[in-house]
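Visitor: based on what follows, work out the 3D shape:
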Amino acid sequence: MPRRAEIVHDPRDLAGLARDEISQLSTSGYDVTGIASPADLRDVQRLGEAALDAARHAPRLADWPYREPSTAAAIVAALGPDSGSQTAPSDIADRIHGAWLGRSAGCILGKPIEGWPAHLIHAFLKAVDAWPPRGYLPALDPSWTAYPPMKPSWPTATAGNIAGVPRDDDLDYTVLGLHVLETHGFDPTADVFAEEMLDHLAFTQVFTAERVVYRNLVCGIPPAQAAAFRNPYREWIGAMIRADIYGMTAPAMPRVAARSAMHDALFTHRENGVYAAMWAAATLAAAIGGASARDAVEAGLAQVPPQSRSAEAVLDVLRDANAGLGWGARIDALRGRFEAYGWVHAVPNLAAAAAAVLHGDGDLERTIGFAVAVGWDTDSAAATAGAIAGALSGGSRLDPRWIAPLEDRIASSVRGHTEVRIADAAARTTRLAVARLSQAGMQPGQS
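Guide: Predicted coordinates:
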């Protein structure tokens with residue numbers, strides 16, 4: 001997600017909000033020709049206000065081919081019948097630990113080059129003899145001006161400099177989600193999400209849709225309505241990066257995981273922003289349940305409205321895998337499909353994560369390396385894909401080259417949880433997972 005020092009995608013910038021809303025509507029099948037163009041809005045707050053108001057009335061294109069429900073009831077109605085739970089394997093504790101470790105490793109790998117275009121990622125890694133990625137990224141020589149600067153966090157997220165998992169919103173939300181489930185149970189409401197966000201996260205440590213919702217809450221908009229007001233980031237990646245905890249705590253129960261992720265996502269997002277979270281949670285639940293990489297991806301797909309762009313994106317990725325496309329061809333295919341989307345949008349990053357899981361087939365290095373090579377929101381997509389790969393493998397089987405630098409600790413900006421031991425977080429998550437299995441009449445090793 002965009003970092004604090006960046007001005008873009010900030011709800012305090014009305015002109016920027018208007019530009020992002022026009023982009024959002026354009027990629028969602030709306031006719032935006034009657035709204036001021038992004039160029040007209042460069043520095044004019046007044047025009048930003050006018051464009052945001054006009055955007056509320058933009059008409060849908062008549063030939064828009066997708067059906068993308070927004071409410072919980074409509075999303076559930078769009079899904080097919082539940083295929084039931086898997087067998088919960090006896091090693092769910094190791095798989096959950098693997099998910100925490102894989103998420104951490106993937107986040108760190110993508111963190112220094114978040115937002116870089118794919119061709120520059122490729123060129124840089126080739127230049128430093130690190131293509132495809134075989135370890136954490138080397139620091140960029142400041143004299144190499146052909147490349148964008150690395151993110152300000154690079155001194156704690158590049159090879160030789162990692163001593164624990166540096167603070168990142170991709171892990172903050174997992175830490176906070178674990179706290180929420182332990183405190184409030186498996187069915188928290190929008191009011192609970194609002195209370196926990198305001199109480200545990202600083203405004204400057206949340207981004208895009210979450211920052212808009214934070215602003216809306218402070219301005220008195222009720223939690224259940226906060227995602228719907230002036231939120232051009234409603235289909236971006238924020239809910240997807242919050243979803244892992246729901247997959248970890250519903251092992252072998254993809255639909256249960258997806259429903260929990262849906263309710264969380266609707267607090268800040270709509271349409272594909274919600275579906276991406278449902279896919280991530282369901283896929284991870286299936287992976288912890290012992291599914292293969294492909295079966296896990298397909299289990300996630302079953303929890304996505306079938307006529308949505310998210311479903312289409314995953315189906316295209318599955319077809320690429322069936323066609324036997326190599327690393328480079330798969331990346332080119334992905335990049336070509338989503339040229340119109342911003343780099344933080346949920347749909348392309350969902351596709352990148354799904355393609356990475358299929359390419360890696362349970363191998364953490366291949367999985368997160370592919371996710372980062374695609375570009376876009378590299379730390380977020382690699383974190384999601386890494387969690388799934390870690391669950392497929394199990395923590396005890398992950399390569400120490402990736403795990404040792406984590407030093408079993410995550411730095412966090414979550415109030416009261418500023419340093420978290422990964423093994424402890426995994427044990428707490430496992431206790432919740434076993435409790436949820438028990439509620440369903442299951443135990444590890446039983447179906």
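
Visitor: test my guess that Arg234 contacts Leu25.
Guide: No - applying C-beta atoms under 8 Å, one finds Arg234 not in contact with Leu25, separated by 10.9 Å. The C-beta positions use only the backbone N, C-alpha and C, and glycine is treated the same way.

Visitor: more crowded one of the two?
Guide: Arg234 (26 against 18; other C-beta atoms under 10 Å).

Visitor: next, that one: phi, psi?
Guide: Per-residue torsions, Arg234: phi -70, psi -20 (degrees, to the nearest 10).

Visitor: could I get the pLDDT score of it?
Guide: On pLDDT, Arg234 comes in at 97.

Visitor: then Met262?
Guide: Value for Met262, per-residue pLDDT: 98.

Visitor: then Leu120?
Guide: So, for Leu120, pLDDT stands at 96.

Visitor: element containing it?
Guide: Here Leu120 sits within helix 118-127, counting by DSSP states H and E.

Visitor: mind giving me the packing neighbours of the following helix or strand past that helix?
Guide: Once helix 118-127 ends, the next helix or strand along the chain (criterion: DSSP H and E) is helix 169-184. If contacts are counted by 3 or more C-beta pairs under 8 Å, 6 or more residues apart in numbering; DSSP states H and E, helix 169-184 sits against helix 92-110, helix 190-200, helix 238-241, helix 244-248, helix 378-393, helix 422-439.

Visitor: and those: which comes nearest Val175?
Guide: Among the helices and strands packed on helix 169-184, the nearest to Val175 by C-beta to C-beta is helix 422-439 (7.1 Å).

Visitor: pLDDT of that closest one, averaged?
Guide: Throughout helix 422-439, pLDDT has a mean value of 97.

Visitor: tell me the buried residues in that helix?
Guide: Residues of helix 422-439 classed as buried: 422, 425-426, 428-430, 432-434, 436-437 (neighbour count, 16 or more other C-beta atoms under 10 Å).

Visitor: give me the distance from that helix to the chain's centre.
Guide: Here the centre of helix 422-439 is set off from its chain's centre by 21 Å, with C-alpha atoms, centre = their mean, to the nearest Å.

Visitor: and that helix, what does it pack against?
Guide: If you count contacts as 3+ C-beta pairs under 8 Å, 6+ apart, helix 422-439 packs onto helix 92-110, helix 169-184, helix 244-248, strand 409-411.

Visitor: and the contacts of it?
Guide: With contacts defined as C-beta atoms under 8 Å, 6 or more residues apart in numbering, helix 422-439 is touched by 88, 92-93, 96-97, 99-101, 104, 165, 174-175, 178, 181-182, 186, 245, 248-253, 256, 288, 395, 406, 408-410, 443-444.

Visitor: ok, Thr174 - contacts?
Guide: Taking C-beta under 8 Å, 6+ apart, we find Thr174 in contact with 100, 103, 242, 244-245, 425.

Visitor: let me know the distance separating it from Arg103.
Guide: 7 Å (C-beta to C-beta, to the nearest Å).

Visitor: okay, and the common contacts of those two?
Guide: Asp244.

Visitor: what domains does the record give for the protein?
Guide: Under the assignment automatic domain parsing, the domains of the chain span 1-65, 78-113+165-437.
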